[in-house]
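J.: compute the structure for the input listed below.
(chains A and B)
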Amino acid sequence: MRFQKRTLMAAAVALAAGTAQAQVSDGVVRIGVMNDQSGTYADLAGPGSVVAARMAVEDFGAAKKGMKVEILVADHQNKPDIGSNIARQWYDVDKVDVIVDVPTSSVVLAVNEVTRQKNKALIVSTGATSDLTGKACSPNAIHWTYDTWSLANGTANAVVKTGGNTWFFLTADYAFGHALERDTEAVVLKNGGKVLGKVRHPFPSSDFSSFLLQAQASKAKVIGLANAGADTTNAIKQGAEFGITSGGQQFAGLLVFLTDVHALGLDKAQGLLLTEAFYWDLNDQTRAWSKRFAQGHKGAMPTMVQAGVYSAVLHYLKSVEALKSDDGPKVIAKMKEMPTDDPIFGKGMVRQDGRKIHPMYLFEVKKPSESKGAWDYYKVRATVPADQAFRPLKDGNCPLVK
Amino acid sequence: MANAQSAMVGTRAARADLRPQWIAFGLMLAFFLVAPATGLYAVFLMKVMCFALFACAFNLLIGYGGLLSFGHAMFFGLASYASAHAAKVWGVTPELAILAGTAAATFLGVLVGLLAIRRQGIYFAMITLALAQMIYFFCVQAPFTGGEDGIQAVPRGRLFGLIDLSNVWAMYATVMVVFFGGFLLIFRVIHSPFGQVLKAIRENEQRAISLGYDTDRYKLLAFVLSAGLSGLAGATKALVFQLASLTDVHWTMSGEVVLMTLVGGLGTVFGPVVGAFVIVAMANYLAQLGAWVTVVQGAIFVICVLTFRRGIIGELGHWLRKPL
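T.: Sure thing, here's the model as predicted:
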């Protein structure tokens, strides 16, 4: 009892000292996890991201250090107006200091603007648009786990280098699909590969048969899927029915997550090539961390973006501690200054334009016979070293980079 | 002579009938004036007003004209794109941006209306839905809408070049003026001879034709009015949130406005406002519940349909025996 009282007092003193410097706003660091809790992206981010954020607070030892950290959760339902409304309300009314995660590019760009206006902090893990470190880059935001450029580059580069030198593109017919196709094609050509053809499918689409037949007839070694979500999984499922993989061709998914592979099953997804920043079975550290995560998340292994939320929150809290302040742009600046180190991505850093740098991996989905158990899905085909994994600083046209 | 007299008596009776509606209007005005002071969040209230205007415009068509449009998102969404584009790319003042959005929606309303009003019931709904899907795919593809990303970081600008709308209260006042202006216009239309003819068409179109009314003209005018006012709501919303995105033009938005009108009370003056408040509040304040949002929304809708079919305001009006 007595001991408890003393620690409490110590905590209070520490807190008082903190507030005496008038740094951590109202004495509590509030982290808002905003994502899709019930829709398309609920599995790959959703509640799992919240689990990861809580783990980060725990592992940082906030309670022991006398730092009060609160986590708020909201479902933006993939609608930018709802996301922007929540962000405003969080910053203005609920005194949230940092928003993390945020899938869906339209929502993340909206929240990015609100964060800039309110001069707070935003760390994006699930949102993919590389504009966040390009023309929309901001002194209030960091893009943590991956972006569209790194996926296109990682997949195309590594696939061509490991022999997949002829490509056929199956592209969703809208701006996102076009951009993904354009970026990937450029890398394929640069590495000496050839694009044998491409076909655009309406977005969203449920019948891919005619497109898949064209892809099959092209005899390209690799069929690049420049689409996302349900379009990708539908194309892969129907591709399995057409015997595309068993006929010697391979799908390269440009935006596929571990949970998508889990939902597809190895039977359908086998042979699929994809790029991710993290996989639970990479090394001892990731295995140990992921096991703890799975215990807190109904046995499901973490996706790269959930792991990214952990890594981001941990680094955020370290920076707040070092700075003794939770002022948005100052913490972001501190995060860029301090090197990162965690069990997820190992050692890394945050670049001037807000891009977190770490290696990316090209994975191939295992055959059912190779898999040793639940969630044993990937084998590493290639590693993209950190200095090549992301878009070079000068190519982003980020106004922060002089 | 006798005819004129009875008509005058009729108007007087109608005037007397309007008293509860004016009281309700006063209450609504007071609510939106006082609400921000009670701790309700201003941006949330602005969103409520935008959607309330949208639902009122929709209600004008279904509640009074008997035409169920299932594509109103096209007017709302296209106007928000037009207004966002005007404000961001052309750099015009906010009132012109809102005007541009409204004009775009009105123009689209004329085109769609000419095609759609030739049919009734489910066919009308299907035609509007089909045309709305075409507009949706246009917005997905067109370069100026930014596809999935939408138009972001739209400047609110200075109203008439003078008042800085980045101040939340200036924006709030502007939205209030837009909403109450639109609402009063709808109110006036409903109680005008034009509105009476619309109701007659809703009840029995054949009879209205036999009485000598060119029903197509009335229906088209109602459709264009509804489209224009939906556009006004969408254009204002684009400035409030400083963004325009595919959400606004997606068919679920057309469904949402039907839901708002049904929950509030179809064919009532204030129902859509209350319905919009309920639905927007659910989307907003239940966001903390995570996956439960949709479940709760569904449950509330089922309860609504099972227990008060006239909608909240419809039931209230029925209970008070006053049309609200």
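J.: alpha carbons only for contacts and neighbour counts from here, please
T.: Will do.
J.: now do the contacts for B:Cys50.
T.: Shown in contact with B:Cys50 (Cα atoms under 8 Å, 6 or more residues apart in numbering or on different chains): B:Val175, B:Phe179, B:Ala233, B:Gly234, B:Thr236, B:Lys237.
J.: which element is it on?
T.: Assigned by DSSP states H and E, B:Cys50 belongs to helix B:42-59.
J.: B:Met260 now?
T.: Per DSSP H and E: helix B:251-264 holds B:Met260.
J.: contacting residues around that helix?
T.: B:51, B:54-56, B:58-59, B:70-73, B:129, B:132-133, B:247, B:270-276, B:278-279, B:301, B:304-305, B:310-314.
J.: ok so, going back, in helices, which of the contacts of B:Cys50 fall?
T.: Per DSSP state H, helices hold the following members of the contacts of B:Cys50: B:Val175, B:Phe179, B:Ala233, B:Gly234, B:Thr236, B:Lys237.
J.: closest to chain A among those?
T.: Nearest to chain A among the ones in helices among the contacts of B:Cys50: B:Lys237, at 9.0 Å, using Cα to the nearest Cα.
J.: for chain B, what's the nearest residue on the stretch 301-402 of chain A?
T.: A:Pro399 (15.5 Å).
J.: what about the helix holding B:Cys50, distance to the chain center?
T.: The chain centre lies 7 Å from the centre of helix B:42-59; the measure is Cα atoms, centre = their mean, to the nearest Å.
J.: cool, and stretch B:35-49?
T.: 18 Å.
J.: coming back round to it: need the three-state assignment for the residue of the stretch 301-402 of chain A closest to chain B.
T.: Put simply, A:Pro399 is coil when judged by DSSP: H, G, I helix; E, B strand; the rest coil.
J.: spell out which parts of chain A neighbour chain B.
T.: Contact residues (Cα under 8 Å from any Cα of the partner chain) of chain A with chain B: A:36-38, A:72-76, A:79-82, A:84-86, A:88-89, A:105-107, A:109-110, A:113, A:173-176.
J.: quick check: closest non-adjacent residue to whichever residue of the stretch 51-200 of chain B sits closest to chain A.
T.: The stretch 51-200 of chain B approaches chain A most closely through B:Asp149 (4.0 Å), counting by Cα to the nearest Cα. Excluding its sequence neighbours, the residue lying closest to B:Asp149 (Cα to Cα, 6 or more residues apart in numbering or on different chains) is A:Ser106, at 4.0 Å.
J.: what does B:Cys56 give?
T.: Using Cα to Cα, 6+ apart, the nearest residue to B:Cys56 is B:Pro272, at 5.4 Å.
J.: element containing that neighbour, please.
T.: Using DSSP H and E, B:Pro272 falls in helix B:271-285.
J.: name the residues of that helix that are buried.
T.: Across helix B:271-285, burial judged by 16 or more other Cα atoms under 10 Å in any protein chain shown covers B:271-284.
J.: just put those residues in a markdown table and tack on pLDDT.
T.: Shown next, in a markdown table, are those (pLDDT from 0 to 100):
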| residue | pLDDT |
| --- | --- |
| B:Gly271 | 94 |
| B:Pro272 | 95 |
| B:Val273 | 96 |
| B:Val274 | 94 |
| B:Gly275 | 93 |
| B:Ala276 | 95 |
| B:Phe277 | 94 |
| B:Val278 | 91 |
| B:Ile279 | 89 |
| B:Val280 | 90 |
| B:Ala281 | 90 |
| B:Met282 | 86 |
| B:Ala283 | 82 |
| B:Asn284 | 82 |
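J.: which ones are touching the residue nearest to B:Asp149?
T.: By Cα under 8 Å, 6+ apart, the neighbours of A:Ser106 are A:Lys79, A:Pro80, B:Glu148, B:Asp149, B:Gly150, B:Gln152, B:Ser245.
J.: mind jotting down where the strands sit in the stretch 301-402 of chain A?
T.: Assigned by DSSP state E, counting those that start in this stretch, the stretch 301-402 of chain A shows strands spanning A:340-342, A:346-350, A:356-357, A:360-365, A:378-384.
J.: quick check: mean pLDDT across the first one?
T.: This means strand A:340-342. Average pLDDT, strand A:340-342: 94.
J.: could you do the longest one as well?
T.: Confidence for strand A:378-384, expressed as mean pLDDT, is 93.
J.: buried subset of the contacts of helix B:251-264?
T.: B:51, B:54-56, B:58-59, B:70-73, B:129, B:132-133, B:247, B:270-276, B:278-279, B:301, B:304, B:310-314.
J.: can you flag which of the residues of chain A next to chain B belong to strands?
T.: A:Leu72, A:Val73, A:Ala74, A:Asp75 (DSSP state E).
J.: pLDDT averaged over stretch A:302-315, what's the number?
T.: For stretch A:302-315, mean pLDDT is 96.
J.: just the helices in the stretch 101-250 of chain B please.
T.: B:121-141, B:168-190, B:193-203, B:205-210, B:215-241 (DSSP state H, counting those that start in this stretch).
J.: all set, thanks.
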